[in-house]
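Undergrad: Let me see the structure of the following:
(2 chains)
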Amino acid sequence: MNWQAHLPALLLAVPLLGAFATPLFSLGGKTLRNAWFIVVSTFVFLIALALWHEVSVSGILVYVMGGENFALTLPSGMKYPVRIILEIDALSAFMVLAGSITSMAGAWFTLSYMDRFTGISRFISLYFLLTVGMLGMMVTGDLFNFFVFIEIASVASYGLVAFWRDKPQAVEASFKYMLLSQVAAMLVLLAVGFLYGKYNVLNMGALGSVMQMGLVEKFALAMLFSALALKCGAFPMYLWIPDAYAEAPASVSCLLVTVSQASLYGIFRVAFSVYGLSMTNSVVAWAMIVLGLLSMLIAVSMAVVQHEVKRLMSYHAISQTGYMLLGVGIGLLVLADPQALAEYGFTAIKGGVFHIFNHAMYKGLLFLTAGTLFYMTGTRDLNKMGGLIRKSPITATMFLIAAAAIAGLPPMNGYASKLLIYQSSFAIHPFITVVALVTSVLTLASFVKVFQTAFLGPEHKALVNAKKVPATMIIGMGMLTVAILLLTFFPTWALSNLVEPAAKALVDQAGYIAAIMGGAF
Amino acid sequence: MWPKVVSGFGYWDIYVWLIFLAIACFFTMWLRNTGRQDYKEGTYQDEIYFSGNDVPEDGEDISVPADSAYWGFTKFFRPYYDFMALFHNGLAQDYLGYFVVFIAILTALIVFI
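TA: The predicted structure follows:
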């Protein structure tokens, strides 16, 4: 067995080691601690990159934890897998890549952004734990472990959202998030219990192979969908997001975007790989479409009137999640109809999946630029900002790139993914496309407001001594800017090598099951 | 053939767009250069015209704050935003209530349809 076979385990082991070894490295001083933070984050990104490459070349990877053979999912005499199994298909690898990039960019940004605060050792530990939870959700092939990783990510994020614990708003935001998130997590556990009680298996592939729609399965589906919809921030359960994202330090908000997308991935995995064609009606698909539309429109309408920059961006994060739900929901709606799937369903899924990566990059960057504005001025209130382009033209340029991308302006990457969603949603009903287009227009209006009030106009006297943006913060933002520009100028490469394999993996329920069950399937 | 993003209904070609942008930039610059030639940087021509009044020293006094942006839009949709303010009331128990109602509706739909 070659070393690449251990990449799935390394992906989780390295940031976990990072989390628990950080206090030790902190004893060696700030420089050593920061170097450790960057080295581990970079290493996680490199593992994710290698994992994506390995999946592109070899197909689905499975890794059996604690077994005598890491690749043997069904030891002789076993009918179902019983061990903890990591299963990485092209969709998982795609998600992991997006998550590791935002985690690395956030780590660079953190170095200077959080430098003036105490407790950074704890911050870094929690940051790595959040990364572990997020990556674990994306690579696990087991429903119970999915719940465990949700909990790891959740507990870490409660601590990070309330990191500035002297601010009552931060503590309140964390408490609300904790309350809602824990109820949702208990529902996930309950649903897992329902399915385990019925089928005696927890592995998603194995469950998919035996799934037959009955009352228990329907209840479990409703609970899993509702809980993960809350975690990813779909209407009407998104209300914790504006508070949590706004109060968290900027690098945490950047990472929380992909953590929420891990829950979105959970919805897609459950809907396509566990239930798939055994779903007897289209309620879940329509729920995804309707929730997507409502999330898009209502959240963007709320964003337009905000004057607090991170809160405004939080509403946009919800709104953009709507696009992903819409695109993949359309694909799910026509999953059982090969002709419709080929004509527009698969295009919609590609649009939704592409938007996940795009969103992770530009929304991550927007949160980092918002953090930079806060770092420079000491306020998040747009009413108190102005003329900051003179102080940091680099930040302004990167903000402009991210804003153009999120608004779906051609030629940015956001336009390419939205185009796929617009055109395929038109096949379902033109009204859906109109809502998506109106959302884009309002998104643009909202970011024009931010750019005009924060960066343009005359210089404010109160901001004459605005802080200079440190190099590490620019490096963090620069990484995401480069990713956006690459996706913008090479959309065909991204679609062929990143998006299409991921979308194919999503609709290929048989392939996902066969990787676990092999001949038993 | 240049690579394209094909949607099944049409296609998107980044390079065609970039060529279009380059042409648009060329014409914009050309139009700009046909403007007044007597402009001199650093002279009275740079001074801000503020309806004949003295220009305030602090830039904040002549900035349009974020709250004032799209005031017409906000005013028109005031009833909607008043309702949304009630929805976003900040009370965790209400947020939990919305979640419970959502689960109930979705479960009913999945089970009974």
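Undergrad: can you pull the contacts of residue A:43?
TA: residue A:14 (C-beta atoms under 8 Å, 6 or more residues apart in numbering or on different chains). Backbone N, C-alpha and C define where each C-beta goes, glycine included.
Undergrad: Run a quick neighbour tally on whichever residue of the stretch 101-250 of chain A sits closest to chain B.
TA: Across the stretch 101-250 of chain A, the shortest distance to chain B (C-beta to the nearest C-beta) belongs to residue A:222, at 4.0 Å. A count of nearby residues for residue A:222, using other C-beta atoms under 10 Å in any protein chain shown, gives 25.
Undergrad: buried ones in the helix or strand containing it?
TA: Using DSSP states H and E, residue A:222 falls within helix A:215-232. By 16 or more other C-beta atoms under 10 Å in any protein chain shown, the buried positions in helix A:215-232 come out as A:217-232.
Undergrad: Out of these, flag the one nearest to residue A:85.
TA: Here the nearest of the buried residues of helix A:215-232 to residue A:85, counting by C-beta to C-beta, is residue A:224; it sits at 19.0 Å.
Undergrad: Low-confidence stretches in the chain?
TA: Picked chain A for this. Within chain A, the stretches with pLDDT under 70 are A:1, A:519-521.
Undergrad: nope, chain B
TA: B:1-3.
Undergrad: number of nearby residues for the residue in chain A that chain B sits nearest to?
TA: Nearest residue of chain A to chain B, counting by C-beta to the nearest C-beta: residue A:458, 2.9 Å away. Neighbours of residue A:458 under the rule other C-beta under 10 Å: 18.
Undergrad: sec struct for it, please.
TA: coil (DSSP: H, G, I helix; E, B strand; the rest coil).
Undergrad: surely it meets residue B:64?
TA: No. Under the criterion of C-beta atoms under 8 Å, residue A:458 is not in contact with residue B:64, lying 10.8 Å apart.
Undergrad: I'd like to check which residues are in contact with residue B:27.
TA: Not one residue lies near residue B:27 by C-beta under 8 Å, 6+ apart.
Undergrad: Can I take it that it is in a strand?
TA: No. The assignment for residue B:27 (three-state DSSP) gives helix, which keeps it out of a strand.
Undergrad: measure it to chain A for me?
TA: According to C-beta to the nearest C-beta, to the nearest Å, residue B:27 and chain A sit 18 Å apart.
Undergrad: Please apply the same query to residue B:5.
TA: 5 Å.
Undergrad: give me the beta-bridge partners of that residue?
TA: residue B:12 (DSSP bridges).
Undergrad: Looks like it contacts residue B:11 (just checking).
TA: Yes. Counting by C-beta under 8 Å, residue B:5 touches residue B:11, with 6.2 Å between them.
Undergrad: Who has more neighbours out of those two?
TA: Taking neighbours as other C-beta under 10 Å, residue B:5 and residue B:11 compare with residue B:5 leading, 22 against 13.
Undergrad: Who are the contact partners of the more buried one?
TA: Per C-beta under 8 Å, 6+ apart, neighbours of residue B:5: A:416, A:419-420, A:491-492, A:495, B:11-14.
Undergrad: again, only this time at 6 Å
TA: By C-beta atoms under 6 Å, 6 or more residues apart in numbering or on different chains, the residues touching residue B:5 are A:416, A:491, B:12.
Undergrad: Can you report how many residues lie near the residue of chain B found nearest chain A?
TA: Going by C-beta to the nearest C-beta, chain A is nearest to residue B:59 of chain B, at 2.9 Å. Under the neighbour criterion other C-beta under 10 Å, residue B:59 is assigned a count of 18.
Undergrad: Look up the closest residue to it, ignoring the ones flanking it.
TA: Distances taken as C-beta to C-beta, 6 or more residues apart in numbering or on different chains put residue A:458 closest to residue B:59, at 2.9 Å, once the chain neighbours are dropped.
Undergrad: Kindly report the residues of the stretch 351-500 of chain A close to chain B.
TA: A:382-383, A:386-387, A:410-411, A:416, A:419-420, A:423, A:449, A:453, A:457-461, A:491-492 (C-beta under 6 Å from any C-beta of the partner chain).
Undergrad: Give me the subset of these lying in strands.
TA: Judged by DSSP state E, these include no members of strands.
Undergrad: Identify those among the residues you listed that sit within helices.
TA: A:416, A:419-420, A:423, A:449, A:491-492 (DSSP state H).
Undergrad: Restricted to buried residues, select those residues in PyMOL.
TA: To isolate the buried members of these in PyMOL, using 16+ other C-beta under 10 Å:
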select buried, chain A and resi 416+419+420+423+449+491+492
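Undergrad: May I ask which two of the ones in helices among the residues of the stretch 351-500 of chain A next to chain B are separated the most?
TA: A:449 and A:492 (33.3 Å).
Undergrad: so which strand or helix has residue A:389?
TA: With DSSP H and E as criterion, residue A:389 is part of no helix or strand.
Undergrad: so what's it up against?
TA: With C-beta under 6 Å, 6+ apart, residue A:389 has these contacts: A:396, A:455.
Undergrad: Mind doing that once more with 7 Å?
TA: Residue A:389 sits next to A:396, A:455-456 when contact means C-beta atoms under 7 Å, 6 or more residues apart in numbering or on different chains.
Undergrad: and if you look at residue A:346?
TA: Taking C-beta under 7 Å, 6+ apart, one finds A:331, A:503 in contact with residue A:346.
Undergrad: what do you get for residue A:296?
TA: A:319, A:322-323, A:435-436, A:439.
Undergrad: Helix or strand for it, just tell me which one.
TA: Short version, using DSSP H and E: residue A:296 is in helix A:283-304.
Undergrad: didn't residue A:446 look like it was pressed against residue A:304?
TA: Yes. Judged on C-beta atoms under 7 Å, residue A:446 makes contact with residue A:304 at a distance of 4.9 Å.
Undergrad: Between the two, which has more neighbouring residues?
TA: residue A:446 (27 against 20).
Undergrad: could you dump whichever strand or helix holds the more buried one to PDB, C-alpha only?
TA: Residue A:446 is part of helix A:430-450, with elements assigned from DSSP H and E. Taking Å, rounded to 0.1, in the frame of the first residue of the first chain, the C-alpha atoms of helix A:430-450 are listed here in PDB:
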ATOM      1  CA  PRO A 430     -39.100  31.200 -15.900                       C
ATOM      2  CA  PHE A 431     -40.300  32.700 -12.500                       C
ATOM      3  CA  ILE A 432     -37.400  30.800 -10.800                       C
ATOM      4  CA  THR A 433     -34.900  32.400 -13.100                       C
ATOM      5  CA  VAL A 434     -36.400  35.900 -12.600                       C
ATOM      6  CA  VAL A 435     -36.000  35.500  -8.800                       C
ATOM      7  CA  ALA A 436     -32.400  34.400  -9.300                       C
ATOM      8  CA  LEU A 437     -31.700  37.400 -11.500                       C
ATOM      9  CA  VAL A 438     -33.400  39.900  -9.200                       C
ATOM     10  CA  THR A 439     -31.300  38.500  -6.400                       C
ATOM     11  CA  SER A 440     -28.200  39.100  -8.400                       C
ATOM     12  CA  VAL A 441     -29.300  42.700  -9.100                       C
ATOM     13  CA  LEU A 442     -29.900  43.400  -5.400                       C
ATOM     14  CA  THR A 443     -26.500  41.800  -4.600                       C
ATOM     15  CA  LEU A 444     -24.800  44.200  -6.900                       C
ATOM     16  CA  ALA A 445     -26.700  47.100  -5.500                       C
ATOM     17  CA  SER A 446     -25.700  46.100  -2.000                       C
ATOM     18  CA  PHE A 447     -22.000  45.800  -2.800                       C
ATOM     19  CA  VAL A 448     -22.000  49.100  -4.800                       C
ATOM     20  CA  LYS A 449     -23.200  50.700  -1.600                       C
ATOM     21  CA  VAL A 450     -20.400  49.100   0.500                       C
END
